[in-house]
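Undergrad: Following is a predicted model, sequence given first.
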Amino acid sequence: MVEKAEILKELSQVVDPEVGVPITEMNLVDDIQIQDGEISVAFHLTAQFCPPMFALAIAQDIKRRVSNLPGVQKVRVTMTNHFMAEEVNKRVNVD
(Lines give C-alpha, C1' and ligand atoms only; values in the text may rest on other atoms or scores of the structure.)
Protein backbone atom coordinates (compact mmCIF):
# COMPACT_ATOMS: atom_id res chain seq x y z
CA MET A 1 0.00 0.00 0.00
CA VAL A 2 1.27 3.44 -0.91
CA GLU A 3 1.99 5.86 1.93
CA LYS A 4 1.35 9.59 2.05
CA ALA A 5 5.08 10.26 2.43
CA GLU A 6 5.75 8.48 -0.88
CA ILE A 7 3.13 10.58 -2.61
CA LEU A 8 4.55 13.79 -1.16
CA LYS A 9 8.02 12.75 -2.32
CA GLU A 10 6.70 12.38 -5.88
CA LEU A 11 4.79 15.65 -5.65
CA SER A 12 8.01 17.41 -4.63
CA GLN A 13 9.15 16.71 -8.21
CA VAL A 14 6.19 18.63 -9.68
CA VAL A 15 7.50 22.11 -10.45
CA ASP A 16 5.44 25.18 -11.26
CA PRO A 17 6.72 26.08 -14.75
CA GLU A 18 6.35 29.83 -14.21
CA VAL A 19 8.11 29.99 -10.86
CA GLY A 20 10.47 27.00 -11.08
CA VAL A 21 9.66 25.86 -7.53
CA PRO A 22 8.09 22.54 -6.48
CA ILE A 23 4.40 22.73 -5.62
CA THR A 24 5.13 21.17 -2.22
CA GLU A 25 7.53 23.98 -1.30
CA MET A 26 4.85 26.54 -2.16
CA ASN A 27 2.24 24.68 -0.07
CA LEU A 28 -0.08 24.21 -3.05
CA VAL A 29 -1.12 20.65 -2.15
CA ASP A 30 -4.34 20.92 -0.15
CA ASP A 31 -5.26 17.31 0.49
CA ILE A 32 -4.19 13.73 -0.20
CA GLN A 33 -6.61 10.86 0.33
CA ILE A 34 -5.61 7.19 0.08
CA GLN A 35 -8.18 4.41 -0.06
CA ASP A 36 -7.52 0.90 -1.36
CA GLY A 37 -5.03 1.94 -4.03
CA GLU A 38 -7.11 4.91 -5.14
CA ILE A 39 -5.49 8.28 -4.55
CA SER A 40 -7.09 11.72 -4.57
CA VAL A 41 -4.89 14.81 -4.71
CA ALA A 42 -6.37 18.29 -4.31
CA PHE A 43 -4.28 21.35 -5.07
CA HIS A 44 -4.50 25.02 -5.92
CA LEU A 45 -2.24 27.40 -7.81
CA THR A 46 -0.55 30.62 -6.75
CA ALA A 47 -2.89 32.73 -8.92
CA GLN A 48 -6.52 32.32 -9.88
CA PHE A 49 -5.64 33.34 -13.44
CA CYS A 50 -2.53 31.21 -13.94
CA PRO A 51 -2.27 30.37 -17.67
CA PRO A 52 -4.51 27.33 -18.34
CA MET A 53 -1.72 25.48 -20.18
CA PHE A 54 0.44 25.66 -17.03
CA ALA A 55 -2.47 24.63 -14.80
CA LEU A 56 -3.14 21.60 -17.00
CA ALA A 57 0.55 20.71 -17.17
CA ILE A 58 0.84 20.73 -13.36
CA ALA A 59 -2.32 18.63 -12.96
CA GLN A 60 -1.10 16.11 -15.56
CA ASP A 61 2.33 15.90 -13.91
CA ILE A 62 0.69 15.22 -10.54
CA LYS A 63 -1.43 12.44 -12.04
CA ARG A 64 1.46 10.89 -13.97
CA ARG A 65 3.88 10.85 -11.05
CA VAL A 66 1.41 9.51 -8.48
CA SER A 67 0.06 6.92 -10.94
CA ASN A 68 3.56 5.48 -11.35
CA LEU A 69 3.92 4.64 -7.66
CA PRO A 70 3.70 0.93 -6.80
CA GLY A 71 0.28 -0.07 -5.48
CA VAL A 72 -1.57 2.86 -7.03
CA GLN A 73 -4.56 1.75 -9.08
CA LYS A 74 -6.28 5.06 -9.79
CA VAL A 75 -5.52 8.74 -9.29
CA ARG A 76 -7.98 11.63 -9.22
CA VAL A 77 -6.58 15.16 -9.32
CA THR A 78 -8.69 18.16 -8.32
CA MET A 79 -7.57 21.73 -8.84
CA THR A 80 -9.48 24.45 -6.97
CA ASN A 81 -9.67 28.23 -6.97
CA HIS A 82 -8.81 28.71 -10.65
CA PHE A 83 -10.97 30.22 -13.37
CA MET A 84 -10.53 27.08 -15.55
CA ALA A 85 -10.59 24.52 -12.71
CA GLU A 86 -13.65 22.65 -13.98
CA GLU A 87 -12.22 22.20 -17.48
CA VAL A 88 -8.74 21.24 -16.25
CA ASN A 89 -10.23 18.70 -13.82
CA LYS A 90 -12.29 17.14 -16.63
CA ARG A 91 -9.28 16.85 -18.90
CA VAL A 92 -6.86 15.42 -16.37
CA ASN A 93 -9.30 12.87 -14.95
CA VAL A 94 -10.34 11.23 -18.20
CA ASP A 95 -9.81 7.50 -17.71
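TA: Looks like it came in fine.
Undergrad: Tell me which residues of stretch 38-45 come out buried.
TA: Buried residues in stretch 38-45, defined by neighbour count with 16 or more other C-beta atoms under 10 Å: 39, 41-45. Bear in mind the C-beta positions are built from the backbone N, C-alpha and C, glycine included.
Undergrad: Which of those fall in helices?
TA: Residues of the buried residues of stretch 38-45 located in helices (DSSP state H): none.
Undergrad: how about the residue most central in space within the chain, secondary structure?
TA: By C-alpha atoms, centre = their mean, the chain has its centre lying nearest to residue 62, at 3.7 Å. Here residue 62 is recorded as helix under DSSP: H, G, I helix; E, B strand; the rest coil.
Undergrad: From residue 8, how far off is it?
TA: Using C-beta to C-beta, to the nearest Å, residue 62 is found at 11 Å from residue 8.
Undergrad: Residue 71 too?
TA: Taking C-beta to C-beta, one finds residue 71 at 15 Å from residue 8.
Undergrad: Just give me the closest of the buried residues of stretch 38-45 to residue 80.
TA: residue 44 (5.1 Å; C-beta to C-beta).
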